[in-house]
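K.L.:
Next input, structure requested:
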Amino acid sequence: MAEGQKSYWQEIIESLVIAVILAVVIRAFILQPFYIPSGSMIPTLLQGDRILVAKFAYWFKDPQRGDIIVFHYPLNPRKDYIKRVIGVGGDVVELRDNHLYINGHLTPEPYLPPGTVFPDYGPVKVPPGCYFVLGDNRMNSEDSRVWGMLERRYIIGKAIFRYWPLDRIGVLN
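P.N.:
All right, here's what the predicted structure looks like:
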C-alpha cells in the first residue's frame, strides 16, 4: 500500500462515522420522522401514517393558520402531538354552528369532510406568542379546547410530507 493511502477498512469506518454524524445532525435540526398514533387528524392523517416534520420551518417565520404542526404536549412535554394551527396571537377564535370564525369572519375549512359536526366553543382571544390548535377530527381530538393555548416554545416543526403508506404518499397541507 502506498504511503498516504487508506486501507479498505479505514475508508469503511470513516464513511460510517460521517453517515452517523450526518443522520444525527439531520434528525436534530432539519427533518424528523413521526408516527401518527391516533385518529385526531382524520381525514388528513390516519392512524399509522408516517410523516416527515421540518424542524427548520419556523426558524425565520412563525407558524401560519392552516399549518399542521408537531409539538410537545403542554401537559406532558415527553409526549408529542400533531394538530392544525387555527388561530395565531391576537386572533379571536370561535366555533359556532359547526363553523369556524376568526376575528368574526366565517373561515372556510376545506380539509374537513362535509357535514363535520362539533360543539360550539369560544370566542377566545389567542395571546401573543401562542397558538390555538385543533385536530381535523373535531369530535375525537384533545386540543386547545381542552388544554388551552399552545405556547411557541413547545413547537417542534411543520408536518410537510407523508411517506407511509405508499398509496397515500404526498405533501401535507
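K.L.:
Which pLDDT value belongs to residue 173?
P.N.:
For residue 173, the model assigns a pLDDT of 79.
K.L.:
what's the neighbour count on it?
P.N.:
By other C-beta atoms under 10 Å, 11 other residues sit near residue 173. Bear in mind the C-beta positions are built from the backbone N, C-alpha and C, glycine included.
K.L.:
now residue 118
P.N.:
Residue crowding around residue 118 was assessed by other C-beta under 10 Å; the count is 17.
K.L.:
how far away is it from residue 95?
P.N.:
The spacing between residue 118 and residue 95, counted by C-beta to C-beta, to the nearest Å, is 6 Å.
K.L.:
Average pLDDT for the one helix or strand residue 71 maps to, rounded please.
P.N.:
Using DSSP states H and E, residue 71 maps to strand 68-72. Averaging pLDDT along strand 68-72 yields 98.
K.L.:
ok, it: who's next to it in the sheet?
P.N.:
When sheet partners are counted by DSSP bridges, strand 68-72 sits next to strand 80-88 (antiparallel), strand 155-164 (antiparallel).
K.L.:
Show me where the chain has its helices.
P.N.:
Per DSSP state H, the chain carries helices over the ranges 8-25, 144-147.
K.L.:
How far does the shortest one sit from its chain's centre?
P.N.:
In terms of C-alpha atoms, centre = their mean, to the nearest Å, the gap separating the centre of helix 144-147 from the centre of its chain is 17 Å.
K.L.:
what does stretch 160-168 give?
P.N.:
Put simply, stretch 160-168 sits 15 Å off its chain's centre (C-alpha atoms, centre = their mean).
K.L.:
what pLDDT, on average, does that stretch get?
P.N.:
Within the predicted structure, the mean pLDDT of stretch 160-168 is 96.
K.L.:
Keeping just the C-alphas, turn that stretch into PDB.
P.N.:
Included here for stretch 160-168 are C-alpha records, laid out as PDB according to Å, rounded to 0.1, in the frame of the first residue of the first chain:
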ATOM      1  CA  ILE A 160     -44.600  18.500   5.400                       C
ATOM      2  CA  PHE A 161     -44.700  15.100   3.900                       C
ATOM      3  CA  ARG A 162     -46.400  11.700   4.400                       C
ATOM      4  CA  TYR A 163     -44.100   8.800   3.300                       C
ATOM      5  CA  TRP A 164     -46.200   5.900   4.500                       C
ATOM      6  CA  PRO A 165     -48.400   4.200   3.500                       C
ATOM      7  CA  LEU A 166     -47.200   4.300  -0.100                       C
ATOM      8  CA  ASP A 167     -50.700   4.600  -1.500                       C
ATOM      9  CA  ARG A 168     -51.100   7.900   0.400                       C
END
